[in-house]
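Student: just a sequence and a predicted model for now, questions to come.
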Amino acid sequence: MILLHEQDIRDIPATPLLLSLEDASAINYSKAFKGDHVVYFSAGAGVGGEEERTKKVDYEGALKVFGAIERPLKPRLILVSALDIRDPGKISVHYVSIDFIVSS
């Protein structure tokens, strides 16, 4: 696991959290978010990662975090993400026809 921009996060001021999106449960995240008013979520498996890990981190990991904020305090979620930075020669299997139109 890598935490980038840790000092930038602390300078806001905010508290960075390093928990494994692959291994930690939604309950772990729920406990970590207790008392928080805002959760910034910014994560990704990285460019060139294996498809299985990308799914585990980018999709399943995000679902864990989204599930965790639904437990009882419901802090505000700010999702930081990249849009369509894929290699145009490598098309994801989940793309549908409208995705091709939007990404052109």
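Tutor: Cool, got the structure.
Student: C-alpha only now, for contacts and for neighbours.
Tutor: OK.
Student: quick check on the residue nearest the centre of the chain: phi, psi?
Tutor: Nearest to the mean C-alpha position of the chain, counting by CA atoms, centre = their mean, stands Ala43 at 3.9 Å. Ala43 adopts backbone torsions of phi -160, psi 160, taken as degrees, to the nearest 10.
Student: cool, and Tyr40?
Tutor: Phi and psi for Tyr40, reported as degrees, to the nearest 10, are phi -100, psi 130.
Student: looking at the protein, which helix or strand is least sure?
Tutor: helix 97-103 (a mean of 73; mean pLDDT, DSSP states H and E).
Student: report the contact partners of the residue nearest to the centre of the chain.
Tutor: For Ala43, the contacting residues are Val57, Asp58, Val80, Ser81, by CA atoms under 8 Å, 6 or more residues apart in numbering.
Student: distance of it relative to Tyr59?
Tutor: Taking CA to CA, to the nearest Å as the measure, Ala43 falls 10 Å from Tyr59.
Student: ditto for Val38
Tutor: From Val38 over to Tyr59 the distance is 21 Å, taken as CA to CA.
Student: swap in Leu17?
Tutor: In terms of CA to CA, Leu17 sits 19 Å off from Tyr59.
Student: now do Asp8
Tutor: Asp8 is 26 Å from Tyr59, by CA to CA.
Student: okay, the two: which has more neighbours?
Tutor: Higher neighbour count among Asp8 and Tyr59: Tyr59, with 14 against 11, using other CA atoms under 10 Å.
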